[in-house]
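J.: 3D model of this:
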Amino acid sequence: MKKKNAKDGVEPILYNHGEVNELKRRIYPMEYFQRYSIDDVVDVALYPAGHVMGAASIFLEHRGRRILYSGDISLSQQLTIPPAQLPKKVETLISEGTYGAKENQLLTRYSEIERLSKSVKRVLENGGRILMPVFALGRGQEAIYMLLMLMGKKKIPSVPIYTNGMVASLSNLYMSNYESISEKDRKWFIKSFQNNVTVAPKNIERLLFSREPALFVFSAGMLVEDTLSYIFAKQMLPNSRDGIFFMGYQSPESDGYKILQANKNGDERIQMGDDSIEIGTKNIDIFNFSGHADYQELLDLPRRLQPEKLIYVHGDEAALENLAEELQYEFEIQIPSNLQTVEL
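T.: Numbers count the residues shown, from 1 in each chain. I've put the predicted structure just below:
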């Protein structure tokens, strides 16, 4: 925010480090499934949401009326995160709707792993490097886990894997503290990570201009300006041997989305920040390793909980309306606008 504000004078600086530290002092941990009371009026419990490590859906009970706010949720097994767990029934469900427009989403996580492994193998065997932009929490751990697994099975060449400090820190937290990983998996992941993954040095020049085959698992997932993934994408796009493989959703405002669209349209150049970048590689793709419920899961969620009222939030307008249309005869549905008050 500081950088953007200094650049254009428009981007607001919403908070500073001191305020973040003050917030951290006010946070305390809550166990999954345990009931907590707020002023003896509302009971609260957290349910595993299956989205990323530590993610929770929020269960509220007030005067016998039960409410579940899903937050970001996934009902299917990921490589590193188990699926969401749900209460038996609620009167009100507030559900996310990120993938509510994807009616024909037939790809499974395991078919995507196979598709990714073939693409990675092709690029590496051709002497190229691969950038995998990831969200530091969730997709970062799954991408590294998957690459190590594929190397172990000889499905892709064994090459150095580089990541950045944030992804490495969260991966170490996952390996040391996450309770939903078996000890066998934990030991394998720790050993494989130590033997094959290197944190990129602060001086990235040598790595940035190297032509040795390698895998770069860097945040940010949508190529936020001046992040490692953004810097490497600008350097790698002109090279016909290199590849950029996105691991999940790209916002239409992001540079990741622009790159995908430019590749789809056959464009020769793309504007990234102040620079016009040549697009020399055709090895550009997106793979569905999302931590969000897919279209069918978004339909299954209210059908499992049977709420009297269903409220959709957190999704493009078309996606939420599509879900509402599909379920209009089964539930009373609302799609509130931002700041709108809803009677529960």
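J.: can you pull the contacts of Phe59?
T.: 44-47, 66-68, 87, 90 (C-beta atoms under 8 Å, 6 or more residues apart in numbering). C-betas here are computed from N, CA, C, even on glycine.
J.: got it, and Arg66?
T.: 59-60, 87, 89-92.
J.: Export those residues to a markdown table and append columns for distance to Val197, pLDDT and secondary structure.
T.: A markdown table is the format used below for the contacts of Arg66 (distance: C-beta to C-beta, whole Å; pLDDT from 0 to 100; DSSP: H, G, I helix; E, B strand; the rest coil):
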| residue | distance to Val197 | pLDDT | secondary structure |
| --- | --- | --- | --- |
| Phe59 | 37 | 98 | strand |
| Leu60 | 41 | 97 | strand |
| Pro87 | 38 | 96 | coil |
| Lys89 | 44 | 92 | coil |
| Val90 | 42 | 96 | coil |
| Glu91 | 47 | 97 | coil |
| Thr92 | 44 | 97 | strand |
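J.: Show me which pair in those residues is furthest apart.
T.: Leu60 and Lys89 (13.9 Å; C-beta to C-beta).
J.: So for the two, which residue has more residues nearby?
T.: Per other C-beta atoms under 10 Å, whichever of Leu60 and Lys89 has more neighbours is Leu60, with 18 against 12.
J.: Setting the sequence-adjacent residues aside, check what's closest to that one.
T.: Ile67 (4.4 Å; C-beta to C-beta, 6 or more residues apart in numbering).
J.: ok, now how distant is that neighbour from Leu86?
T.: 13 Å (C-beta to C-beta, to the nearest Å).
J.: swap in Ala200?
T.: For Ala200 relative to Leu86 (C-beta to C-beta), the value is 39 Å.
J.: Could you do Glu19 as well?
T.: 35 Å.
J.: and those two? which has more neighbours close in?
T.: When neighbours are counted by other C-beta under 10 Å, Glu19 and Leu86 differ, and Leu86 comes out ahead with 21 against 10.
J.: Can you check the pLDDT for that one?
T.: For Leu86, the pLDDT comes out at 97.
J.: State the phi and psi torsions of it.
T.: When quoted as degrees, to the nearest 10, the phi and psi of Leu86 stand at phi -120, psi 150.
J.: swap in Glu179?
T.: Dihedral angles phi and psi of Glu179 (degrees, to the nearest 10) take the values phi -80, psi -20.
J.: so where do the strands sit in the stretch 51-200 of the chain?
T.: 56-62, 65-69, 92-96, 130-133, 161-163, 197-199 (DSSP state E, counting those that start in this stretch).
J.: What is the burial count for Leu170?
T.: Quick note: Leu170 (other C-beta under 10 Å) scores 20 neighbours.
J.: does it really touch Glu142, like I thought?
T.: No. Here Leu170 does not reach Glu142: they are 11.3 Å apart, not a contact under C-beta atoms under 8 Å.
J.: residues of stretch 25-44 that come out buried?
T.: Using 16 or more other C-beta atoms under 10 Å as the test for burial, stretch 25-44 gives no buried residues.
J.: let me redo that: stretch 257-274
T.: Buried, per 16+ other C-beta under 10 Å, within stretch 257-274: 257-260, 262-263, 270, 272.
J.: what does stretch 151-164 give?
T.: Applying a neighbour-count criterion of 16+ other C-beta under 10 Å, the buried positions in stretch 151-164 are 151, 156, 159, 161-164.
J.: all helices of the chain, in order?
T.: 2-8, 17-25, 109-125, 139-152, 165-177, 183-196, 205-209, 228-236, 255-265, 295-305, 317-326 (DSSP state H).
J.: In JSON lines: the buried residues of stretch 151-164, plus pLDDT and distance to Glu317.
T.: Listed next are those as JSON lines, based on pLDDT from 0 to 100; distance: C-beta to C-beta, whole Å:
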{"residue": "Met151", "pLDDT": "97", "distance to Glu317": "42"}
{"residue": "Ile156", "pLDDT": "97", "distance to Glu317": "40"}
{"residue": "Val159", "pLDDT": "96", "distance to Glu317": "43"}
{"residue": "Ile161", "pLDDT": "97", "distance to Glu317": "39"}
{"residue": "Tyr162", "pLDDT": "97", "distance to Glu317": "39"}
{"residue": "Thr163", "pLDDT": "97", "distance to Glu317": "36"}
{"residue": "Asn164", "pLDDT": "95", "distance to Glu317": "34"}
